[in-house]
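Chemist: after the sequence you'll find the predicted model.
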Amino acid sequence: MDTTTELRFLASNSAGEVSALLLRPADARWLYVFGHGAGAGMRHRFMGAASDALAAQGIATLRYQFPYMEQGGKRPDAPKLAQATVRAAVAEAARLMPKLALIAGGKSFGGRMTSQAQAEAPLAHVRGLAFLGFPLHAAGRPSEERATHLFEVKIPMLFLQGTRDALADIALMRKLAKALGKRATLVAIEGGDHSFHVPARTGRNDAETRTELLDALAGWIEDVS
């Protein structure tokens with residue numbers, strides 16, 4: 001039986017506590033520390049649906065708020081604070097579920113802040129990073145500048161990217177994955193945008209696309225083991 005626990009933990013001494021949701025299926029062997037995107041918090045329907053789908057495959061999730069979202073703000077936290085929050089969330093996950101192996105990452109902003117934290121200093125007990133829509137560049141401004149720190153990450157990384165993602169030109173993502181070598185796995189979701197929405201003309205719907213990407217995530221997590 002799946003259990004959901006609401007909790008709070010200290011993001012930093014300056015920012016105070018933030019909220020989190022721990023969803024643990026009875027057969028969990030892994031715990032995904034799951035940061036939200038810049039414009040929506042941990043209770044967004046995508047975050048909830050992803051956590052439910054992962055729970056069905058035996059993967060627990062710890063969703064958490066960044067301080068600006070906890071306080072009702074719209075401007076994302078500065079990288080230093082966001083990275084401190086990632087580190088605190090990972091530490092809380094390890095404390096709560098010490099027997100579960102950890103994967104960290106998240107949607108867009110949450111994933112990039114996780115990778116930056118890992119590049120700065122390895123996150124304790126984390127075996128791999130999984131990104132659901134890595135924001136490689138600003139919309140309409142293809143660039144690889146935001147990828148520089150990824151070369152300092154020495155653990156496996158999974159990039160789940162829509163081929164229509166305005167924040168990650170798929171050709172640049174393929175080039176990046178090749179440059180990162182064996183540590184990087186890229187899964188391209190055909191027709192998906194940054195939110196993994198697909199146009200009706202593809203003959204698929206968003207639920208099918210979400211199943212595709214979360215099956216890929218679950219399979220990668222098993223491979224990392």
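Modeler: It's in. Source: prediction; values computed, not measured.
Chemist: and the strands in this structure, which stretches?
Modeler: With strands called from DSSP state E, the chain shows them at 3-12, 16-24, 30-35, 59-64, 101-107, 126-132, 157-162, 184-189.
Chemist: could the ones you listed be laid out in TSV, adding mean pLDDT, mean neighbour count and distance to Gly41?
Modeler: Where C-beta positions appear, they are placed from N, C-alpha and C, glycine not excepted. Formatted as TSV, the strands of the chain follow (pLDDT from 0 to 100; neighbours: other CB atoms under 10 Å; distance: least, CB to CB, whole Å):
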stretch	mean pLDDT	mean neighbour count	distance to Gly41
strand 3-12	95	15	13
strand 16-24	97	19	9
strand 30-35	98	27	10
strand 59-64	98	28	9
strand 101-107	97	26	11
strand 126-132	98	24	15
strand 157-162	97	25	20
strand 184-189	97	18	23
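Chemist: turn the ones you listed into CSV, including distance to Ile170.
Modeler: Formatted as CSV, the strands of the chain follow (distance: least, CB to CB, whole Å):
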stretch, distance to Ile170
strand 3-12, 34
strand 16-24, 31
strand 30-35, 23
strand 59-64, 26
strand 101-107, 18
strand 126-132, 14
strand 157-162, 6
strand 184-189, 6
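Chemist: Lys80 is nearest to which of these?
Modeler: Of all the strands of the chain, strand 3-12 sits nearest to Lys80, with 9.0 Å by CB to CB.
Chemist: given that closest one, what are its sheet partners and their directions?
Modeler: strand 16-24 (antiparallel) (DSSP bridges).
Chemist: now the strand it pairs with and strand 59-64, what's the angle there?
Modeler: With axes from the mean of the first three to the mean of the last three CA atoms, to 10 degrees as the basis, strand 16-24 and strand 59-64 are set at 160 degrees to each other.
Chemist: which residues of this structure score low on pLDDT?
Modeler: 1 (pLDDT under 70).
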